[in-house]
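Undergrad: quick one, fold the following:
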Amino acid sequence: GEQHYALLSAFHKSLRGGDASAALLWMGRLLTSGADPLVLGRRMVAMASEDVGLADPHALPLAVAAMTAVQQIGMPECELNLAHAACYLAEAPKSTRAYRAYKRVKALLQNDPRAHGAVPAYLRTTGPQRTAYMYNPDHGYKTG
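TA: As a prediction, this is how the structure comes out:
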């Protein structure tokens, strides 16, 4: 009940705050109280994109691997996979840039009907315009 959500919140805040030891404590309390380890796996997968994001591109595959371990080998063997991912996520640099950018896109789509206009011809994959658009790796994309 309420205790479960308090422990889960403490776990997530410890990950966000960079405190791996605290994250392991809250994770251990959740698991020993009978929490579904998939809940922790899903939370870490979400956190890898929401909080670590672009600051460390290895965080998401690692979190997914931990969740896959939960699904494929189960408890108690998957505990170390979860601990590994928790420590990594806690110690990883954090960036919410992609999260915030997509949140702005969703708000734009919800609030501005102009955002639902037709796709420009040069970006479509059909019709005679398709051959006019070519990928140019020297286009000068922003890298930072």
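Undergrad: can we go C-alpha only for contacts and neighbour counts from here?
TA: OK.
Undergrad: for the protein, which segments count as helices?
TA: Listed in chain order, the helices of the chain (DSSP state H) span 2-16, 20-32, 37-47, 59-73, 79-91, 97-111.
Undergrad: tell me the pLDDT of the closest residue to Tyr99 other than its chain neighbours.
TA: Excluding the flanking residues, the one nearest Tyr99 by Cα to Cα, 6 or more residues apart in numbering is Glu50, at 5.6 Å. You'll see Glu50 listed with a pLDDT of 94.
Undergrad: got the contact list for Glu50?
TA: Contacts for Glu50 (Cα atoms under 8 Å, 6 or more residues apart in numbering) come out as 95-96, 98-99.
Undergrad: same question for Gln3.
TA: Contacts of Gln3 (Cα under 8 Å, 6+ apart): none.
Undergrad: so which residue is dead centre in the protein?
TA: What sits nearest the mean C-alpha location of the chain, by Cα atoms, centre = their mean, is Ser49, with 2.1 Å.
Undergrad: and Arg124, which of the helices of the chain is closest to it?
TA: Across the helices of the chain, Arg124 has its closest neighbour in helix 97-111 (19.7 Å, Cα to Cα).
Undergrad: report the buried residues of the closest one.
TA: By 16 or more other Cα atoms under 10 Å, the buried positions in helix 97-111 come out as 97-98.
Undergrad: what lies in contact with it?
TA: For helix 97-111, contacts defined as Cα under 8 Å, 6+ apart pick out 49-51, 53-54, 115-116.
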